[in-house]
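K.L.:
next one to model:
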Amino acid sequence: MDHPGLVAAATDRDLVCAHLLGYAAGRANGYLYGDAADGDLHLTDPASRERTMTALVAIVREGVLPWFAEASDPDTIVTSRAADYTSDPVAIAEWLASRERLDLVDA
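P.N.:
As a prediction, the model looks like this:
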């Protein structure tokens with residue numbers, strides 16, 4: 001950890017970033033439309049597998065990758081959907097501190 005005095009102690013988890021696909025894609029609870037289940041994949045029906053996978057790829061390209069782009073840049077995260085709808089704003093403040101961007105913490 002680069003700044004142990006500024007961020008919470010590390011844990012033994014391997015998880016770096018997690019967010020429900022429906023939320024990251026801007027498709028859930030007050031985003032554009034839909035709900036968190038938009039990220040659920042149901043591939044048991046052979047007739048709908050290709051359509052399901054095509055829709056998933058579109059969600060990732062159009063919603064998820066842009067979400068990660070804005071959430072992975074200290075200058076844009078403070079005004080991003082990721083920051084607006086986070087359930088853990090302290091994690092964003094800690095991440096900004098770890099990137100030596102304390103100037104953005106108030107934002």
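
K.L.:
read off the pLDDT value for Gly5.
P.N.:
Gly5 is assigned 66 on the pLDDT scale.

K.L.:
which parts of the chain are helices?
P.N.:
With DSSP state H as the criterion, the chain has helices at 21-24, 49-59, 65-71, 74-77, 81-84, 89-98.

K.L.:
can I get those helices in TSV including mean pLDDT, mean neighbour count and distance to Leu41?
P.N.:
Every C-beta, even on glycine, is put in place using the N, C-alpha and C of the backbone. Shown next, in TSV, are the helices of the chain (pLDDT from 0 to 100; neighbours: other CB atoms under 10 Å; distance: least, CB to CB, whole Å):
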stretch	mean pLDDT	mean neighbour count	distance to Leu41
helix 21-24	66	23	9
helix 49-59	87	13	6
helix 65-71	83	15	18
helix 74-77	90	15	28
helix 81-84	76	17	22
helix 89-98	84	16	27
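
K.L.:
could I get these as a markdown table with distance to Leu104?
P.N.:
Listed next are the helices of the chain as a markdown table, based on distance: least, CB to CB, whole Å:
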| stretch | distance to Leu104 |
| --- | --- |
| helix 21-24 | 21 |
| helix 49-59 | 29 |
| helix 65-71 | 13 |
| helix 74-77 | 6 |
| helix 81-84 | 10 |
| helix 89-98 | 5 |
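
K.L.:
so which of those is nearest Leu43?
P.N.:
Distance to Leu43, taken as CB to CB, is lowest for helix 49-59 among the helices of the chain, at 5.2 Å.

K.L.:
which other helices and strands contact that closest one?
P.N.:
In terms of contacts (3 or more CB pairs under 8 Å, 6 or more residues apart in numbering; DSSP states H and E), helix 49-59 is not packed against any helix or strand.

K.L.:
how about the CA coordinates for it, as PDB?
P.N.:
Output of helix 49-59 as PDB, limited to C-alpha atoms (Å, rounded to 0.1, in the frame of the first residue of the first chain):
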ATOM      1  CA  ARG A  49     -28.000 -18.000 -26.700                       C
ATOM      2  CA  GLU A  50     -26.700 -16.000 -29.700                       C
ATOM      3  CA  ARG A  51     -29.200 -13.200 -29.100                       C
ATOM      4  CA  THR A  52     -28.400 -13.100 -25.400                       C
ATOM      5  CA  MET A  53     -24.600 -13.000 -26.000                       C
ATOM      6  CA  THR A  54     -25.000 -10.300 -28.700                       C
ATOM      7  CA  ALA A  55     -27.000  -8.200 -26.300                       C
ATOM      8  CA  LEU A  56     -24.400  -8.700 -23.500                       C
ATOM      9  CA  VAL A  57     -21.600  -7.600 -25.800                       C
ATOM     10  CA  ALA A  58     -23.600  -4.400 -26.700                       C
ATOM     11  CA  ILE A  59     -24.100  -3.700 -23.000                       C
END
